[in-house]
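J.: Give me a model of this one.
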Amino acid sequence: MSVKARLLQDPITDIKFHLAIYQRLNGYRPFLYNITVDACKFQRNRKKYPVVKFFFDIVEPYSNINHTCPYSHDATFDKVPVTYIDHRLSNILPFPKGDYMLETNWFAYDIHRAAVKFYGTLS
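T.: Now for the predicted structure:
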């Protein structure tokens, strides 16, 4: 999995994101997590947000957004191995098998800037 987000204005000092997980059961239904986090506060104190930290730990080794605000460069997640994601979601935090959607909404300065959805199957 690879993602590149281009910042049109920089530096960005106020970022929030909303993360929600859905499981496919006759359509996508909310599953387990639905949270909104200030990304700058999260980067300053990751222990305060254990759920977000769990998911961020999956992509952190493959990302360039592993520092505190401000962000003055494009955000990338480069070649995150699917087997690594599967291991984290099957063995570390045992999700039931099935189809899932991870939806993220990104806000800069309290203005909705992007919606990114990831679809996958745990089998």
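J.: Now do the strands in this protein.
T.: 3-5, 15-24, 28-38, 75-77, 98-108, 111-122 (DSSP state E).
J.: most tightly surrounded among those strands?
T.: Mean neighbours per residue, mean count of other CB atoms under 10 Å, is largest over the strands of the chain for strand 15-24, with a mean of 18. To be clear about C-beta, it is placed using only N, CA and C from the backbone, and glycine gets the same treatment.
J.: what does that strand rub up against?
T.: With contact meaning CB atoms under 8 Å, 6 or more residues apart in numbering, strand 15-24 is reached by 28-40, 52, 55, 69, 71, 96, 98-108, 110.
J.: per-residue pLDDT, the residue nearest to Val59 when sequence neighbours are not counted?
T.: In space, not counting the residues next to it along the chain, Val59 is nearest to Phe77; the distance is 5.1 Å by CB to CB, 6 or more residues apart in numbering. We have a pLDDT of 83 for Phe77.
J.: Could I get the contacting residues of Phe77?
T.: Counting by CB under 8 Å, 6+ apart, Phe77 has contacts 1-4, 59, 62-63.
J.: Great, nothing more from me.
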